[in-house]
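Colleague: quick one, what's the 3D model for this:
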Amino acid sequence: MSNLFARYKTSRSAENEGVWLNFGGGTRVKTRSTSSPKVREYQSRLFKKFRQALSAGGGVLPPEMQDEMDIDLVASVVIADWEGVPNANGVIVPYARPTAMAILAELPEWRKEIQYLAGLAETYREAGFEEQLGNSKESSVPASATAETPSDSSQAS
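Modeller: Numbers count the residues shown, from 1 in each chain. A predicted model of the protein is given here:
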């Protein structure tokens, strides 16, 4: 029998409200899915902002403009909140869009990892939440981050 729903069914509330991703050392980032309505709407507005450059480039943005757009998208709507994020001087800073944009511009690989994890169905998969509600703290989220279930994040606060 197919496990299609167990494998691909995601939590819409987790996609829209976000889940906490742990990056180690007390650094946590709450991310919305890149397929959430809020992220997609903002992305559409960004495409309109960059329409002239897209037209001039044959539908392709120059790399520096693509980075600018991605930084704006991740800082503005993919990231819903964060904890334990240091600036370049090692000082823990609260989440704010301008701060997020500056840090993401300085750490493009971290931005790409956040963006990648926010685009994975596994990050928001219902089956993953159900598995994590047991004693296991293992996550199906790859890379250096692990996802917390909504119940985990309420206990951590």
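Colleague: show me the helices in this protein, by range?
Modeller: Taking DSSP state H to define them, one finds helices in the chain at 4-8, 12-17, 37-49, 51-56, 63-73, 97-106, 108-118, 121-124, 126-132, 150-156.
Colleague: worst average pLDDT in the ones you listed?
Modeller: Ranked by mean pLDDT, the helices of the chain bottom out at helix 150-156, with a mean of 48.
Colleague: quick one, which of the helices of the chain gets closest to Thr27.
Modeller: Closest approach to Thr27 among these is made by helix 108-118 (9.4 Å; CB to CB). For the C-beta atoms, the positions are set from N, CA and C on the backbone; glycine is no exception.
Colleague: quick one: list the elements packing against the closest one.
Modeller: Helices and strands in packing contact with helix 108-118 are listed as strand 28-31, helix 63-73, helix 97-106; criterion 3 or more CB pairs under 8 Å, 6 or more residues apart in numbering; DSSP states H and E.
Colleague: so what touches the second one?
Modeller: Put plainly, it is helix 63-73. 39, 42-43, 46, 50, 53, 61, 101, 104-105, 108, 111-112, 115 (CB atoms under 8 Å, 6 or more residues apart in numbering).
Colleague: buried members of these into PyMOL, please.
Modeller: Listed next is the PyMOL selection for buried residues among the contacts of helix 63-73, using 16 or more other CB atoms under 10 Å:
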select buried, resi 39+42+43+46+50+61+101+104+111+115
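Colleague: got TSV for the contacts of helix 63-73, with distance to Ala121 too?
Modeller: What follows is the contacts of helix 63-73, written out as TSV (distance: CB to CB, whole Å):
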residue	distance to Ala121
Val39	14
Tyr42	20
Gln43	18
Leu46	23
Phe50	27
Ala53	31
Leu61	26
Met101	27
Leu104	23
Ala105	28
Pro108	24
Arg111	20
Lys112	18
Gln115	15
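Colleague: which one of the contacts of helix 63-73 is nearest to Ser76?
Modeller: For the contacts of helix 63-73, the nearest to Ser76 is Tyr42 (6.1 Å; CB to CB).
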